[in-house]
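Enquirer: Predicted model and sequence follow; I will ask about them next.
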Amino acid sequence: MSEDLRRAILYGMPCGALASLIFREGTLWLLHYVAKVMPLAALITTPGWHGLPWVAWFMVLGAAGGFFIALFLRLIFLPDLICGAVLGLAAGFLVPQYLPRSTPDWVPWLTGAAWGWGTAFLLRPLALRGRF
């Protein structure tokens with residue numbers, strides 16, 4: 001079990017933080033500039049708790065969630081990308097998103113699923129399921 005925890009911390013946390021920056025923020029960017037359903041205020045890095053920008057807070061939360069996704073994928077042998085998207089969808093429902101009021105109701109679920117899928121996608125080349 002200690003090997004599972006070590007690999008989940010070593011690989012899952014950085015992948016979750018990167019996925020939050022790349023896939024969550026990338027989804028918000030695409031929804032604003034391509035689909036035109038998001039206001040620009042969702043992309044501005046306003047200060048959050050303790051003066052740290054919301055993007056940095058979502059990277060911290062993404063790192064914590066990346067640990068859980070990596071541990072789940074390490075212990076349960078299910079399709080990784082689908083499980084990542086479903087776990088990210090659940091995280092998008094549970095974690096407050098701090099989006100403007102004019103945001104459609106489905107956007108937090110989409111960004112959560114994009115983050116979870118991206119975390120599983122970034123974990124793929126690290127052979128999370130393989131043994132040394």
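Expert: Okay, I see it.
Enquirer: what does the longest helix anywhere in the chain contact?
Expert: Using DSSP state H to define each element, the chain has its longest helix at helix 54-75. Here helix 54-75 makes contact (CB atoms under 8 Å, 6 or more residues apart in numbering) with 4-5, 7-9, 11-21, 24-25, 45-49, 80, 83-84, 87-88, 91, 95, 98, 115-116, 119-120, 123, 128-129. Yep, even glycine has a C-beta here, placed from its N, CA and C like the rest.
Enquirer: Can you tell me which of those residues end up in strands?
Expert: Using DSSP state E, no member of these sits in strands.
Enquirer: Mind checking which of these are in helices?
Expert: Judged by DSSP H, the contacts of helix 54-75 include 4-5, 7, 13-19, 25, 80, 83-84, 87-88, 91, 115-116, 119-120, 123 as members of helices.
Enquirer: Just the element for residue 103, please.
Expert: Using DSSP states H and E, residue 103 sits in no helix or strand.
Enquirer: okay, it: pLDDT?
Expert: At residue 103, the predicted lDDT confidence score is 83.
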